[in-house]
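Engineer: A structural model of the following input is requested.
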Amino acid sequence: MPPGVTGPPGWLLTAARDRRVAFVAVGAVNTAIGFGWFVLFNWLVGHRFGYLTALAFAHVASVLCAFWLYRHVVFRARGHVLRDLARFETIYLSALAVNFVLLPVLVEIADLPVLLAQAMIVLVTSLMSWLGHKNFSFRRTDHP
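Structural biologist: Here you go, the predicted model:
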(Lines give C-alpha, C1' and ligand atoms only; values in the text may rest on other atoms or scores of the structure.)
Protein backbone atom coordinates (compact mmCIF):
# COMPACT_ATOMS: atom_id res chain seq x y z
CA MET A 1 0.00 0.00 0.00
CA PRO A 2 1.40 3.44 -0.87
CA PRO A 3 2.20 5.73 2.05
CA GLY A 4 -0.95 7.14 3.63
CA VAL A 5 -3.52 5.20 1.55
CA THR A 6 -6.34 3.92 3.71
CA GLY A 7 -8.81 1.13 3.13
CA PRO A 8 -8.37 -2.53 2.37
CA PRO A 9 -6.27 -3.57 -0.62
CA GLY A 10 -8.12 -4.08 -3.90
CA TRP A 11 -8.93 -7.60 -5.04
CA LEU A 12 -6.07 -7.66 -7.52
CA LEU A 13 -3.57 -6.51 -4.92
CA THR A 14 -4.86 -9.22 -2.61
CA ALA A 15 -4.49 -11.85 -5.35
CA ALA A 16 -1.10 -10.64 -6.60
CA ARG A 17 0.26 -9.94 -3.09
CA ASP A 18 2.62 -7.36 -4.58
CA ARG A 19 1.54 -3.79 -5.28
CA ARG A 20 3.95 -3.52 -8.21
CA VAL A 21 2.47 -6.59 -9.89
CA ALA A 22 -1.09 -5.35 -9.35
CA PHE A 23 -0.16 -1.87 -10.58
CA VAL A 24 1.54 -3.23 -13.70
CA ALA A 25 -1.41 -5.54 -14.44
CA VAL A 26 -3.92 -2.70 -14.17
CA GLY A 27 -1.50 -0.45 -16.02
CA ALA A 28 -1.32 -2.93 -18.89
CA VAL A 29 -5.11 -3.13 -19.07
CA ASN A 30 -5.36 0.65 -18.75
CA THR A 31 -2.75 1.16 -21.46
CA ALA A 32 -4.67 -1.09 -23.83
CA ILE A 33 -7.92 0.71 -23.00
CA GLY A 34 -6.28 4.12 -23.44
CA PHE A 35 -4.74 3.12 -26.75
CA GLY A 36 -8.15 1.80 -27.79
CA TRP A 37 -9.73 5.15 -26.93
CA PHE A 38 -7.07 6.90 -29.03
CA VAL A 39 -7.73 4.59 -31.99
CA LEU A 40 -11.48 5.13 -31.64
CA PHE A 41 -11.28 8.92 -31.39
CA ASN A 42 -8.67 9.10 -34.13
CA TRP A 43 -11.11 7.19 -36.33
CA LEU A 44 -14.11 9.30 -35.23
CA VAL A 45 -12.64 12.82 -35.22
CA GLY A 46 -9.00 12.56 -36.25
CA HIS A 47 -9.64 12.83 -39.98
CA ARG A 48 -11.57 16.07 -39.51
CA PHE A 49 -9.94 17.73 -36.49
CA GLY A 50 -6.52 16.05 -36.34
CA TYR A 51 -4.79 13.48 -34.20
CA LEU A 52 -4.15 15.93 -31.34
CA THR A 53 -7.90 16.48 -30.96
CA ALA A 54 -8.32 12.70 -30.90
CA LEU A 55 -5.61 12.58 -28.23
CA ALA A 56 -7.46 15.13 -26.07
CA PHE A 57 -10.74 13.18 -26.28
CA ALA A 58 -8.94 9.92 -25.57
CA HIS A 59 -7.25 11.51 -22.57
CA VAL A 60 -10.54 12.35 -20.86
CA ALA A 61 -12.00 8.87 -21.43
CA SER A 62 -8.75 7.18 -20.42
CA VAL A 63 -8.34 9.11 -17.18
CA LEU A 64 -11.85 8.28 -16.01
CA CYS A 65 -11.36 4.57 -16.79
CA ALA A 66 -7.90 4.47 -15.20
CA PHE A 67 -9.03 6.33 -12.08
CA TRP A 68 -11.82 3.85 -11.49
CA LEU A 69 -9.53 0.86 -12.07
CA TYR A 70 -6.72 2.03 -9.79
CA ARG A 71 -9.06 3.30 -7.10
CA HIS A 72 -11.20 0.16 -6.94
CA VAL A 73 -9.02 -2.68 -8.15
CA VAL A 74 -5.55 -1.84 -6.80
CA PHE A 75 -5.61 0.77 -4.04
CA ARG A 76 -9.17 0.65 -2.65
CA ALA A 77 -8.83 4.22 -1.43
CA ARG A 78 -11.85 5.62 0.35
CA GLY A 79 -13.13 9.17 0.65
CA HIS A 80 -11.55 12.19 -1.02
CA VAL A 81 -12.83 11.20 -4.48
CA LEU A 82 -12.49 14.66 -6.02
CA ARG A 83 -9.11 15.30 -4.40
CA ASP A 84 -7.86 11.90 -5.54
CA LEU A 85 -9.19 12.54 -9.06
CA ALA A 86 -7.47 15.95 -9.14
CA ARG A 87 -4.17 14.42 -8.06
CA PHE A 88 -4.64 11.55 -10.49
CA GLU A 89 -5.36 13.97 -13.31
CA THR A 90 -2.24 15.98 -12.42
CA ILE A 91 -0.14 12.92 -13.18
CA TYR A 92 -2.01 12.28 -16.41
CA LEU A 93 -1.83 15.93 -17.49
CA SER A 94 1.95 15.70 -17.16
CA ALA A 95 1.91 12.60 -19.35
CA LEU A 96 -0.46 14.34 -21.77
CA ALA A 97 1.93 17.30 -22.05
CA VAL A 98 4.77 14.92 -22.92
CA ASN A 99 2.46 13.22 -25.41
CA PHE A 100 1.46 16.53 -27.04
CA VAL A 101 5.14 17.35 -27.56
CA LEU A 102 6.39 13.93 -28.68
CA LEU A 103 3.50 12.90 -30.94
CA PRO A 104 3.94 15.73 -33.47
CA VAL A 105 7.72 15.28 -33.37
CA LEU A 106 7.43 11.59 -34.18
CA VAL A 107 4.67 12.06 -36.76
CA GLU A 108 5.70 15.29 -38.48
CA ILE A 109 9.47 15.21 -38.16
CA ALA A 110 10.34 11.51 -37.85
CA ASP A 111 7.55 10.65 -40.33
CA LEU A 112 6.23 7.74 -38.27
CA PRO A 113 2.62 6.58 -38.60
CA VAL A 114 0.38 8.10 -35.92
CA LEU A 115 -0.52 4.80 -34.24
CA LEU A 116 3.10 3.59 -34.12
CA ALA A 117 4.23 6.92 -32.68
CA GLN A 118 1.51 6.78 -30.03
CA ALA A 119 2.43 3.21 -29.12
CA MET A 120 6.04 4.28 -28.57
CA ILE A 121 5.02 7.23 -26.40
CA VAL A 122 2.90 4.94 -24.22
CA LEU A 123 6.12 3.36 -22.93
CA VAL A 124 7.37 6.74 -21.67
CA THR A 125 4.06 7.86 -20.19
CA SER A 126 3.52 4.50 -18.46
CA LEU A 127 6.73 4.98 -16.50
CA MET A 128 5.64 8.50 -15.59
CA SER A 129 2.31 7.11 -14.41
CA TRP A 130 3.90 4.48 -12.18
CA LEU A 131 6.15 6.99 -10.47
CA GLY A 132 3.40 9.57 -9.99
CA HIS A 133 0.61 7.30 -8.77
CA LYS A 134 2.91 5.30 -6.53
CA ASN A 135 3.59 8.25 -4.26
CA PHE A 136 1.03 10.95 -5.03
CA SER A 137 -2.41 10.16 -6.46
CA PHE A 138 -4.02 8.30 -3.58
CA ARG A 139 -1.74 9.50 -0.80
CA ARG A 140 -3.31 10.38 2.52
CA THR A 141 -1.79 12.62 5.16
CA ASP A 142 -2.56 12.62 8.85
CA HIS A 143 -4.15 16.05 8.47
CA PRO A 144 -7.54 16.56 6.73
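Engineer: gap between the helix or strand harbouring T90 and the chain center?
Structural biologist: Assessed by DSSP states H and E, T90 sits inside helix 81-104. Offset of helix 81-104 from its chain centre (C-alpha atoms, centre = their mean, to the nearest Å): 8 Å.
Engineer: same question, stretch 31-44
Structural biologist: The answer for stretch 31-44 is 13 Å, by C-alpha atoms, centre = their mean.
Engineer: Tell me which residues are up against the host helix or strand of L64.
Structural biologist: Here L64, judged by DSSP H and E, is contained in helix 51-69. For helix 51-69, the external contacting residues (C-beta atoms under 8 Å, 6 or more residues apart in numbering) are 26, 29-30, 33-34, 37-38, 40-42, 44-46, 84-85, 88-89, 92, 96, 99-100, 103-104, 107, 114, 118. Where C-beta positions appear, they are placed from N, C-alpha and C, glycine not excepted.
Engineer: buried subset of those residues?
Structural biologist: Buried members of those, scored by 16 or more other C-beta atoms under 10 Å, are 26, 30, 33-34, 37-38, 41-42, 45-46, 84-85, 88-89, 92, 96, 99, 103, 107, 114, 118.
Engineer: Which of the three states applies to L44?
Structural biologist: Per DSSP: H, G, I helix; E, B strand; the rest coil, the local secondary structure of L44 is helix.
Engineer: No further questions, thank you.
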